[in-house]
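Peer 1: What follows is a predicted structure for the sequence shown.
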Amino acid sequence: MIFGIVNIILIGTTPLVFAAIGELVVEKSGVLNLGLEGMMLVGAVSAFVTLVVTDSYLAALIVSLISGLVMSGLFAFLVLYLMANQVATGLALTIFGIGISSMIGKNYVGTPIDGLSPYFLIITSFLVVIFIGYFFKKTKLGLIVKAVGESHNSAHSLGFNVIKIRFISILFGGAMSALAGFYFSICYAPMWQEGMIAGRGWIALALVVFATWKPERILLGAYIFGGVAIMQMNLQAFGVKFPGQFFNMMPYLVTILVLVIISGNKLRIKLSAPACLTIPFNKNQ
Amino acid sequence: MIKLVPRGSSSQSMFILAPIFAIFLTLLTGSIIFFLMGYNPSNALKIFFISPISNAYGLSELLVKATPLALIAMGLSFCFKNNIYNIGAEGQLTMGAIFGGGVGIYFYDVSSILILPGMIIAGALGGALWAMIPAFLKTKFNTNEILTSLMLAYIALLILDYLVVGPWRDPDGFNFPKTRPFGESGRMPILFQGLRIHFGLIITLILIAFSWFIYSKTIFGFQLKVSGFSPKAARFAGFNKNFLIFSAFAISGAFAGLAGVGEVSGPIGLIYRDISPNYGFTAIIVCFLGRLHPLGIIFASLVIALTYLGAEDAQLFLQIPAAVGFVFQGLVLFFLLGSDLLVNFKLRLKN
Amino acid sequence: MKKNTLPIIIILAVLLGAGGFFISNQNNVEDTASEQKKIGFIYIGPPGDHGWTYMHDQGRQTMEAELGDSITTTYIENVPENADAVRAIRKLAESGHDLIFTTSFNYMDQTLEVAKDFPDIKFEHATGFKRADNVATYNSRFYEGRTIIGHIAGKMTKTNTIGYIASFPIPEVIRGINSFYLAASKVNPDIKIKVIWAYTWYDPAKEADAANTLINQGADIIVQHTDTFAPCQAAEKAGVLAFGQASNQEQFCPNAHMTAIEDVWGPYYAERAKALVDGSWASQDTWAGMKEGHVVMSDYNTKILPADLIAEAKAMEAGIIDGTLHSFAGPIYNQEGELVVPEGSVADDGMLAGMMFYVQGIEDQVPQ
C-alpha cells in the first residue's frame, strides 16, 4: 500500500515538477514570471483539443509546447523589450490564460479521450531535473545564465547578451509549463474542464522558493507539497479526524519559513535567490 | 529601424492617454477574437459592454462589483507607489471577512446600532494584521514580500474554508459549508430600494478621498512617493523606511479587509467559501490601470467591473464562457503595460 | 496638478455622456410579447460534465422536443453558488423568461430573493425545501438507485471494502450512503464503506486522487456522489469496478462501469412546462423516484455482472416501483443503537429530508 501511495504522489506531483523546474530557470536568469497558472491551462487545453481533433499524441504535444512558447514569448516581449513591470505582466498572463483556455476548450468539455500513461512523463520529469542540475553546475552556459541573474550589468559589460539569455530562459519556462499542462489533461485527469489546474501554478511558484532555487530540491519539494494533499485524503479514509485544511496549509507555511530562513542571513541569500530577480535590465542606464 | 529614445521627463499626456489607448486596443483585439470564434464582433461587444449597464439595476450591479475593486486598489496603491508588492490582498480581504463576519455571527441575534461599525472596525483590523505579517518579515528578515503575501493569501483561504466547514457552520444549515446569516444589524444598509448597492460604496468613496488627501497633503504621503521613486534619496532624507513599509502594508491590508467585510455584510449576508471572485488579484490590475491614482482607480474599477458583468451577459446571450471576462482583463493589462513604455520613451525612426 | 486634471475631467465627462446616451437607448434583449413561453435554467456546472448538469440539460432538451414551438429555452452554466447567482437568476428574470429552474441546493436563498421581486415569474428550485407562491421545489429519490447499486456492490465485492467519494455531509449525500449501506449489508454483512469527503461537487483531479487513494486502501468498488466521471476513469485504469453517477458514464470506463443511477428530468420538466403554457402552474413540492420514471438505472453491464444478479436488480427495481420494496424499511437503527424506524414501517419523508445520521454498521462518523 505504501507503494500505492508513492505511486499516487508521483502521478499527482509531476505537473508541479515541470512547471517549477521551468520557472527555476527563468528566475535564475533574473526574471519572475507569475503567469504559470495561465500557461499551464493554455498548455492543457491546446493539448486536449489537438488530440481530439487529430487523434495524435505527438501533434498534441507539439501544439501544446508551441502554445507555451507563444504565451511566454508574449511575456518575454513585454518585460524584456517594453520593460513592463514583471509582477503585473505575470498576473495579466495568468488571468488571460484562464480566460482564453476556457474559451478555446468550451466545445470540448466532457469529450472522452484515451489517456496516455503518465509514466513516460514522470521519467521525463526526473531527467529534466537532473539535466538542469547538471546544466547549472557544470556548463558554461549555465554559469552565464546565473551571472545574468545575479548581476545583469556586470554580465552585460562582459559582453553577454542579457536580453537574449533571459528571453530563451523565459521560453524554456513556457515550454515546461505547457508540458505540465499537457500531462495534466492527457495523462493525469484525461479530460478538459475549465480551470482544472486549480491553483497548482501558484504552488509551483512556491516550490521554486522552497527549493531555494536548486533543481534537486524541486523533486523533494514537489513530493512534499503534493504528498500533503494525498496524505490528507489517506488519513481521512483511515478514519483519522483532523481538519484537512491545516494539513493543506503546511506547504505554504513551510515555504514562508524557508523564505525567512534564507533571507534573514545575508550570506545565505547571496547563495540562493538571484540578486536581480524582477529588476528590469535597461541597456541605457 | 525604430528606436526607443528616452524622453526628458515623463510625458503627462501619455500618462493619461495610455490607459485609453490600452482600452481601445483591447476592444479591437477582443473583436478579432470574437470574430475568429464565429461571433459577430459588434454584437458581441454590445452585449459585453453595453447591455450589462443598460438599466438601473445593471448600473447598481456595476457599482456593487466596482466598490471592492476600487477600495482594494486604493489601498494597494500605497504599496505599489513605494515599490512594495502586496500580492496577498485576497488573503487580507479574507481575513477582514473572517474578523468582521465573525463579529456579525457572534451577535447574530442582537439588535444594536453598534454592531455594524464593530464589524467594520474588526474587518479593517483583521486585514491590517494579516498584512503586517509580510511587512514584519520584510523589515526584520528581508524576506521577499511577493511570495510571503501570496502564500499568506492561500493560508487565509484555507482558514476560511476550515471555519465555514467546521466550527462556524450554521447549525440550521444541514451541514452545508456556510455560516449562519448575520442579523439585520449586521448588514450594510442598502442605498436604494430594490438595488443591491450598499453603504460600502460610501465608505469606499470616503476612503478614496482620504487617500488622495494623504498623498497630496501630508508629509507621510510625500515620503511614500519619494521613497518609491528613489530609495537612496529617501534614505538621505532620513525617512524611516521600515515605518513606511509597515504603514503601507497596514493601510492596504485594512482597505482590503474592509472590502472583505463589505462583501459579506453587503450582498452576501453570511460567510461561505466563495466570498470573492479573486477581487484581491484583480484589484492589482485595477491599480495599475488606474495609474495608482484615485481618479484613475475609480475609472479603472468601473471598467474592470464591467468586464465581469459583460462576461455574464455574454454567457447568457451568446453562450460564450464567462471566462471571456478574464481575457479582456488580461488584454487590457497587457496593452497598458506595453504602452506604458511610451510614457518615458519616444518612438523614433532611425536609419 | 491643474495641467493634468483637465484632460481627466474631459474624459470623464465624455464617458458620462456616452453612458447616459446608451442608457437612454435601452438595448435589452427584446422581450417578444408573443405566445411563446421562455424557460431558463441556471446550471452549477457545464453540460459537458456528463454528470449532474448534463442530465439537467438532457431534461431541458427532452422538454423542448416535447413542447415544440410553444417554448424556447436558455441556460447559464457555471453559475457559482454565491452572491453572483442572484445576478444570473435576475438576468433570466429580466430578459423575458416565464419559468426559471435553478439546479443546485445552494441557489436556494438567491432564488427566493429574486422571486420576491418578480411575482409574475415562476421559479423552481432543485433539491431545496423553501417555497413561495411563485417558487416550487423538486427533487428525486436518488437514494432508491443507491439501494440497487448497494445490493450489486454487496455481491460483487471481493475485498468487502467499498470506496465512497462524497461531496458534502448534507442530508442528500448521507441519505445516499445509508441507503447504499443498508442494501449492501443485507446481502453482505461484512462489507465496509470508506468515505472520503471531497468538499466539492466538481474537481476532476481531486476526485481522481480520492478514487486512487481508496483503491489503494483496498476498495475494489468505487461509488461517488460528486459530479464528474473522473472516479470511474480512475477505477477503470486501476482495474476495479465502479458505478456511474447521474448519467450513464459507461463510455468513459467500459470495463469498470456496472450500471449508473440516472437522473431523468425530462418528464418532470415537460410536465411543468405544459402547466406553464396552459396556465395551471402552481407552487408545489415534488419528490419523485423510480415509480414516476425520474430515477432510472442504466443498462446493466453484461460483461461484468452475472445474469442472475442482473435479474435480482431488475426485480428490485420493480419492487421499488410497485411499492413492495422500500429503501428505508424498518427495523433501522442509528449508530447509537436506537431504533429509528420500527419493523414493518418505512422512514417518512421528513426523516429522509433531514437525515444527518448514519445507520448502524457504518464505522465512520458524520463530519461535524
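Peer 2: On my side now, so go ahead.
Peer 1: Every contact and neighbour count from this point should use C-alpha atoms.
Peer 2: Fine.
Peer 1: I'd like to know which elements the helix or strand containing residue B:28 is packed against.
Peer 2: Take DSSP states H and E as the rule and residue B:28 turns out to sit in helix B:12-36. With contacts taken as 3 or more Cα pairs under 8 Å, 6 or more residues apart in numbering or on different chains; DSSP states H and E, helix B:12-36 sits against helix B:41-45, helix B:324-344, helix C:2-24.
Peer 1: could you point out which element follows the longest one?
Peer 2: It stands for helix C:2-24. strand C:37-42.
Peer 1: quick one, the next helix or strand after that next one and strand C:37-42 angle?
Peer 2: Counting by DSSP H and E, the element after strand C:37-42 in chain order, helix or strand, is helix C:52-67. Angle, helix C:52-67 to strand C:37-42, by axes from the mean of the first three to the mean of the last three Cα atoms, to 10 degrees: 170 degrees.
Peer 1: touching chain A at all, the helix or strand that helix C:52-67 is followed by?
Peer 2: Next helix or strand after helix C:52-67 toward the C-terminus (DSSP H and E): strand C:71-76. No - Strand C:71-76 stays clear of chain A (Cα under 8 Å from any Cα of the partner chain), getting no nearer than 13.5 Å.
Peer 1: Check which helices and strands strand C:71-76 is in contact with.
Peer 2: Right, strand C:71-76 is packed against helix B:294-318, strand C:37-42, helix C:52-67 by 3+ Cα pairs under 8 Å, 6+ apart.
Peer 1: that older thread, mean pLDDT lowest for which of the helices and strands packed on helix B:12-36?
Peer 2: For the helices and strands packed on helix B:12-36, mean pLDDT drops lowest on helix C:2-24, to a mean of 52.
Peer 1: Phi first, then psi, for residue C:124.
Peer 2: phi -130, psi 130 (degrees, to the nearest 10).
Peer 1: ok, it - contacts?
Peer 2: For residue C:124, the contact set (Cα atoms under 8 Å, 6 or more residues apart in numbering or on different chains) comprises C:99-102, C:135-138.
Peer 1: tell me which of those residues is nearest to chain A?
Peer 2: The shortest approach to chain A among the contacts of residue C:124 belongs to residue C:102, at 21.0 Å (Cα to the nearest Cα).
Peer 1: Find out how far stretch C:321-330 is from the centre of the chain, if you would.
Peer 2: Centroid separation between stretch C:321-330 and its chain, computed with Cα atoms, centre = their mean, to the nearest Å, is 22 Å.
Peer 1: now the helices for the stretch 101-250 of chain C?
Peer 2: Using DSSP state H, counting those that start in this stretch, the helices of the stretch 101-250 of chain C run over C:108-117, C:142-156, C:171-187, C:204-216, C:230-238.
Peer 1: among those, which is nearest residue A:192?
Peer 2: Of all the helices of the stretch 101-250 of chain C, the one in closest proximity to residue A:192, counting by Cα to Cα, is helix C:204-216 (9.1 Å).
Peer 1: Residues touching that closest one, excluding its own?
Peer 2: By Cα under 8 Å, 6+ apart, helix C:204-216 touches A:1, A:4-5, A:8, A:12, A:188-189, A:193, A:196, A:230, A:233-234, A:237, C:163-165, C:194, C:196, C:198, C:221-222, C:226, C:228-231, C:233-235, C:238, C:240.
Peer 1: Try it again at 6 Å.
Peer 2: Contact partners of helix C:204-216, identified using Cα atoms under 6 Å, 6 or more residues apart in numbering or on different chains, comprise A:1, A:4, A:189, C:163, C:230-231, C:234.
Peer 1: Could you pick out the buried ones from those?
Peer 2: A:189, C:163, C:230-231, C:234 (16 or more other Cα atoms under 10 Å in any protein chain shown).
Peer 1: These: which two are farthest apart?
Peer 2: Pairwise over the buried ones among the contacts of helix C:204-216, using Cα to Cα, the maximum falls at A:189 and C:163, 18.7 Å.
Peer 1: And what about the residue most central in space within chain B, helix, strand or coil?
Peer 2: Centroid check for chain B by Cα atoms, centre = their mean gives residue B:283 as the closest residue, at 2.7 Å. Here residue B:283 is recorded as helix under DSSP: H, G, I helix; E, B strand; the rest coil.
Peer 1: show me the contacts for it.
Peer 2: Applying Cα under 6 Å, 6+ apart, the residues near residue B:283 are B:69, B:72-73.
Peer 1: Can you tell me which of those residues are buried?
Peer 2: B:69, B:72-73.
Peer 1: Nearest to chain C among these?
Peer 2: The closest of the buried ones among the contacts of residue B:283, once distances to chain C are taken by Cα to the nearest Cα, is residue B:69, at 15.2 Å.
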